[in-house]
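Enquirer: Turn this into a structure:
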Amino acid sequence: MNSLSSSHSMAYHRRSTASWTIAVLTFVVVTGTDAVGQGPGFRGGRGPDPAFVADRDVFHFLLTNHEKIRRTVEETPQGVVTVTESDDPEVTAKIQEHVDAMHVRLEKPSPIRMPDPLFAAIFRNADKVTMTWEDTEHGVRVTETSEDPYVVLLIQAHAKVVSGFVASGFDEAHRSHPAPPRKQATDTAEKDRWQAFVEFDRRYIPALALTNQGEQARAAAALTAFEEIWNERLAGELLKRFHDDPAWPATFSRISGAIAVAQQQLQEGHTKEAHESLEPIRSLMAHTRQRNGIEYPLDLLAAFHDTMELIVKPAMELTPETLEDEQIDVIRKACAKASAEWQAVEEAHVDVRHLGKAQGDQDKFQQMVIAQRHAIVALQQAITSQDKQAIVQRARGLKPPFAKLYMFFGEGLE
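Expert: Residues are numbered from 1 along each chain as shown. Sure thing, here's the model as predicted:
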């Protein structure tokens, strides 16, 4: 097996890029004219270098015999694993010869003019690629990875194009292939970066919500599902994620302990107590992300929730007759803070696709954000009018729209 990594020199980064099986350089304009490659000087106008014709002929041979080639591509979070093979011994040899030739060409370096945007982008980012490759009995296996999210997209886009060469031969090789936009890389990176948190919340939120609603059977099933995914996978993933955080072991113990206590309470039929045991987990996770500089949209909801509870919990015990002016002032200040925290949610422009939802759920989410704003405004108006009955009712009214929105991100709660 051959291996190249980011610790090698730039020449070897370039060399590694060449082994992208059937056509990394690929002479994207496959007419065989001098316009495709112009020798060692790249723009020197001296015509093809000595190896150009041989390399071009191998590539043309592979395009001509594309129907004899089979190829598999497995996308990974950091790139691809590809296997390109043929049962025809001559084609197998040419696949391997092409890979070796491209190694030599990029090691010199002896670049080829490439008008194709995708391949041009790959060359510009060649130093960010790590790969290993090995000849198989019938061809070659290549593993390509990158730590750069955009280069991961380039690797994956390139793999699809090469599969197009295998499927369509010269027809595909004559086409121009756009490079993926960088925003797509940002979107993908955010989604991957939050994946463990999204999976955590998908299971945690149902357990939290259903224990609060007192639904014993559903709450038990939800809590068991949360406990299982925590013990089997998420605890380990988050331990790796926060291995440099000295406070994480204590946080980890508190979360594990809270789950165990809630499970015992639920088995004894104490659903409300189980809910109270689970409640701190939300803030524990939010504080951990904040401590580690991780911005996660649901933490904006957690911040609002904590302030909202300062309003809602007292309001549940109040009546218009028992509400005093000092309490109205406390509610006023808390409402102002909650309004500012909800503004942060509104201005975050949350893309729900990054949080495990479908594109079609975006409008639904926005409507729930608006509904929460309406509830805040209604309370502010009641405070301004000094209508004690309205203050009590609208203070209590803050929670239903929030609960609906928060449960939107839990599995099976819509």
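Enquirer: SS state for the residue in the chain sticking out farthest from the centre?
Expert: Most distant from the centre of the chain: residue 321, at 51.7 Å, with distances by CA atoms, centre = their mean. Secondary structure state of residue 321, per DSSP: H, G, I helix; E, B strand; the rest coil, is coil.
Enquirer: Now it: phi and psi?
Expert: Backbone torsions for residue 321, taken as degrees, to the nearest 10, come to phi -80, psi -30.
Enquirer: mind listing the strands for the stretch 101-250 of the chain?
Expert: 130-135, 139-145 (DSSP state E, counting those that start in this stretch).
Enquirer: Buried ones in the longest one, by neighbour count?
Expert: Same thing as strand 139-145. Within strand 139-145, the residues that count as buried by 16 or more other CB atoms under 10 Å are 139, 140, 141, 142, 143, 144, 145. Using the backbone N, CA and C atoms, a C-beta is placed for each residue, glycine as well.
Enquirer: now swap in stretch 170-178 and tell me
Expert: Counting neighbours by 16+ other CB under 10 Å, the buried set in stretch 170-178 is 172, 173, 177.
Enquirer: from memory the second one sits against residue 62, does it?
Expert: No - with contacts counted by CB atoms under 8 Å, residue 173 stays clear of residue 62, the gap being 9.8 Å.
Enquirer: What number of residues are in the vicinity of residue 165?
Expert: 25 (other CB atoms under 10 Å).
Enquirer: Which of the helices and strands in the chain ranks last by mean pLDDT?
Expert: helix 10-17 (a mean of 36; mean pLDDT, DSSP states H and E).
Enquirer: give me the element the closest residue to residue 314 other than its chain neighbours is part of.
Expert: Closest residue to residue 314 apart from its sequence neighbours, by CB to CB, 6 or more residues apart in numbering: residue 327 at 6.9 Å. Following DSSP states H and E, one finds residue 327 within helix 325-347.
Enquirer: In terms of secondary structure, what does that helix contact?
Expert: Judged by 3 or more CB pairs under 8 Å, 6 or more residues apart in numbering; DSSP states H and E, the packing partners of helix 325-347 are helix 297-317, helix 362-385, helix 388-396.
Enquirer: try 6 Å
Expert: Packing contacts for helix 325-347, counted by 3 or more CB pairs under 6 Å, 6 or more residues apart in numbering; DSSP states H and E, involve helix 297-317, helix 362-385.
Enquirer: and it, average pLDDT?
Expert: Across helix 325-347, the average pLDDT comes to 96.
Enquirer: and it, how far out from the chain's middle?
Expert: Remark: helix 325-347 is offset 33 Å from the chain centroid, using CA atoms, centre = their mean, to the nearest Å.
Enquirer: what is the orientation angle of it with helix 297-317?
Expert: Interaxial angle, helix 325-347 versus helix 297-317 (axes from the mean of the first three to the mean of the last three CA atoms, to 10 degrees): 160 degrees.
Enquirer: rewinding a little: columns mean pLDDT and distance to residue 298 on top of the strands of the stretch 101-250 of the chain, output as CSV?
Expert: Rendered in CSV, the data for the strands of the stretch 101-250 of the chain read as follows (pLDDT from 0 to 100; distance: least, CB to CB, whole Å):
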stretch, mean pLDDT, distance to residue 298
strand 130-135, 83, 33
strand 139-145, 89, 30
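Enquirer: Those strands into CSV, with extra columns for distance to residue 376?
Expert: Compiled in CSV, the strands of the stretch 101-250 of the chain are given as follows (distance: least, CB to CB, whole Å):
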stretch, distance to residue 376
strand 130-135, 50
strand 139-145, 47
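Enquirer: Nearest to residue 264, out of those strands?
Expert: strand 139-145 (44.3 Å; CB to CB).
Enquirer: partners of that closest one in the sheet?
Expert: If you go by DSSP bridges, strand 139-145 pairs up with strand 79-86 (antiparallel), strand 130-135 (antiparallel).
Enquirer: what's the most buried one of these?
Expert: strand 79-86 (a mean of 22; mean count of other CB atoms under 10 Å).
Enquirer: Low-confidence bits of the stretch 1-150 of the chain, can you list those?
Expert: Scanning the stretch 1-150 of the chain for pLDDT under 70 picks out the ranges 1-49, 103-114.
Enquirer: swap that for the stretch 151-300 of the chain, sorry
Expert: 183-192.
Enquirer: so where do the helices sit in it?
Expert: Along the stretch 151-300 of the chain, counting by DSSP state H, counting those that start in this stretch, helices occupy 170-173, 182-193, 195-213, 216-229, 235-241, 248-267, 271-291, 297-317.
Enquirer: what about the ones you listed, which gets the closest to residue 149?
Expert: Nearest of the helices of the stretch 151-300 of the chain (CB to CB): helix 182-193, 3.8 Å.
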